[in-house]
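> Build the 3D model from these lines:
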Amino acid sequence: MFEQLTDLFGIGQSRQLMAGEYLFHRNDQIRWMFLVTQGEIRLLRYQENGAPVILQRAHENEIPAEASLFSDRYHCDAVVAEPCRILAVARSDFRRQLESSPALYNAWTERLARQVQQARLRSEILSLKTVSQRLDAWLTWNRGLPPKGHWLRLAYEIGVSPEALYREIGKRRKYG
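Coordinates of the predicted model:
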């Protein structure tokens, strides 16, 4: 199914972005849809004290700010977190392709529905008090721990410090 959605970007332009660059700013008019093919883009909103809140971490094969398809202006900033390659297609072309293909439209709808489910799960995980509870909840919905090189991403996903996650994993390995 995802392959169908990547076809939407087949007519797009490829761009390379460096860490710290902005893909777009809050209140910019929406003209493009993006697919991350390498790296990470973060969607950020800023609190009154200036601290950022990460709304999305878009990695390989993810579409940052999917809901922008149905808006006129971006509601957040998109900042490149690590060197990134993207495909960009005009929003109007993206919509036209969706509207002309029921299969693509259904694939898009299914993807959005899964992302709502994931957002709800993440919200529930973040409401838990301890690192142990958060890790247990995450493991309930995933097939074991990711490879060691991906633990940092897991720590951010469940809202704990990398050190706290590493300690919890170490405890579990020690006590079986």
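> Grab the nearest non-local neighbour of the most centrally placed residue in the chain.
Nearest to the centroid of the C-alpha atoms of the chain, with distances taken as CA atoms, centre = their mean, sits A58, at 3.1 Å. Distances taken as CB to CB, 6 or more residues apart in numbering place P64 nearest to A58, at 3.8 Å, with adjacent residues excluded. The C-beta positions use only the backbone N, C-alpha and C, and glycine is treated the same way.
> what kind of secondary structure is the one you found in?
Local secondary structure at P64 is given as coil here, using DSSP: H, G, I helix; E, B strand; the rest coil.
> Settle this for me: it is touching L23, isn't it.
Yes - here P64 reaches L23: they are 7.1 Å apart, a contact under CB atoms under 8 Å.
> Name the residues contacting each of these two.
Common contacts of P64 and L23 (CB atoms under 8 Å, 6 or more residues apart in numbering): F34, I41, A78.
> Excluding sequence neighbours, find me the nearest residue to the last one.
Closest residue in space to A78, ignoring its immediate chain neighbours: L23 at 3.8 Å, by CB to CB, 6+ apart.
> can you give me the strands in the chain?
With DSSP state E as the definition, the chain shows strands at residue ranges 13-17, 22-24, 32-46, 52-58, 77-90.
> tell me which residues in the shortest one are buried?
If I follow you right, that is strand 22-24. Along strand 22-24, these residues count as buried under the neighbour rule (16 or more other CB atoms under 10 Å): L23, F24.
> Next: the last one.
Judged by neighbour count using 16+ other CB under 10 Å, the buried positions of strand 77-90 are D77, A78, V79, V80, A81, C84, I86, L87, A88, V89.
> List the beta-bridge partners for the fourth one.
This points to V80. Taking DSSP bridges, one finds I41 as the beta-bridge partners of V80.
> hmm, back to that, for the strands of the chain, which one sits closest to P146?
The minimum distance between P146 and these falls on strand 52-58, with 14.1 Å, by CB to CB.
> who's in contact with that closest one?
Contacts made with strand 52-58 from outside it, assessed by CB under 8 Å, 6+ apart, are listed as 36, 40-47, 64-65, 76, 81, 153, 156-157.
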